[in-house]
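Colleague: sequence first, then the predicted structure:
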Amino acid sequence: MPFGGGNKCGCCQKTVYFAEEVQCEGKSWHKSCFLCMVCKKNLDSTTVAVHGDEIYCKSCYGKKYGPKGYGFGGGAGTLSMDTGEGLGIKPEVQAPHRPTNNPNASKFAQKSAGSEVCPRCGKTAYAAEKVIGGGNSWHKGCFRCAKCGKGLESTTLADRDGEIYCKGCYAKNFGPKGFGFGQGAGALAHSQ
């Protein structure tokens, strides 16, 4: 313990006396200084995440140092438009949706040197990044409805002429038309 009665605060470097001390990772902090370095929320032993000499709440720590990409949300209710730019994270720019331009829908016509070619973008779909649907191998990011761009799964797709669609777009474009074939209960559609 240094001369002056207490340890130095990990944030303000002033003396921390016993009555106001919070300890974390062998360091002392004032209760009022024990805050997330990004959002300034009060922290406690269950909400703190340490990185070097910096302390964060679990949410800010995850945004700054956690895994990035599709499927790595922050837990329940992770519908957030926060891109993390305030933390110095550069947002990824998603390529615009493009329907397949492949005139040959045959799966065998798309083989190139033993690897499969994604029919949407024309690039090789390697095993770690491919999804199989509609008789073809697709990149996970290309496995979307050709009409609306909605992400698909093997159980939610319908294919036609080498292209894949969500069930809603497939029904609208290729399903039965006329009176009585609406999209919902009791719907009457008039199709010319």
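Modeller: Everything's here; your move. Numbering: from 1, shown residues only.
Colleague: show me where pLDDT drops low in this protein?
Modeller: Scanning the chain for pLDDT under 70 picks out 1-5, 68-115, 177-192.
Colleague: could you break it into its assigned domains?
Modeller: With domains defined by the TED database, the chain comprises 1-66, 117-174.
Colleague: which of those sits most buried?
Modeller: domain 117-174 (a mean of 17; mean count of other C-beta atoms under 10 Å). The C-beta positions use only the backbone N, C-alpha and C, and glycine is treated the same way.
Colleague: that domain: end-to-end distance?
Modeller: End-to-end distance of domain 117-174: 26 Å, with C-alpha to C-alpha, to the nearest Å as the criterion.
Colleague: need the residues that contact stretch 46-61.
Modeller: Contact partners of stretch 46-61, identified using C-beta atoms under 8 Å, 6 or more residues apart in numbering, comprise 10, 24-25, 27, 29, 34-39, 41, 43, 62, 64-65, 74, 87.
Colleague: residue 60 - that's part of a helix, no?
Modeller: Yes. Assessed by DSSP: H, G, I helix; E, B strand; the rest coil, residue 60 belongs to a helix.
Colleague: and it, how far from residue 34?
Modeller: 14 Å (C-beta to C-beta, to the nearest Å).
Colleague: for residue 37, give me the backbone phi and psi.
Modeller: Here is the backbone geometry of residue 37 (degrees, to the nearest 10): phi -70, psi -10.
Colleague: contacting residues around it?
Modeller: Here residue 37 is in contact with 54, 55, 56, 60 (C-beta under 8 Å, 6+ apart).
Colleague: just say helix, strand or coil for the second one.
Modeller: In this case it means residue 55. strand.
Colleague: which residues does it form a beta bridge with?
Modeller: For residue 55, the beta-bridge partners under DSSP bridges are residue 50.
Colleague: give me the distance between it and residue 48.
Modeller: 6 Å.
Colleague: next: the last one.
Modeller: When C-beta to C-beta is the yardstick, residue 60 and residue 48 sit 11 Å from each other.
Colleague: what distance do you get for residue 155 to residue 173?
Modeller: According to C-beta to C-beta, residue 155 and residue 173 sit 20 Å apart.
Colleague: same thing with residue 123?
Modeller: With distances taken as C-beta to C-beta, residue 123 is found 27 Å from residue 173.
Colleague: for residue 57, same thing?
Modeller: Distance from residue 57 to residue 173, by C-beta to C-beta: 47 Å.
Colleague: same check on residue 60?
Modeller: Taking C-beta to C-beta, one finds residue 60 at 45 Å from residue 173.
Colleague: and residue 61, by the same measure?
Modeller: From residue 61 to residue 173 the distance is 46 Å (C-beta to C-beta).
Colleague: fine by me, thanks again.
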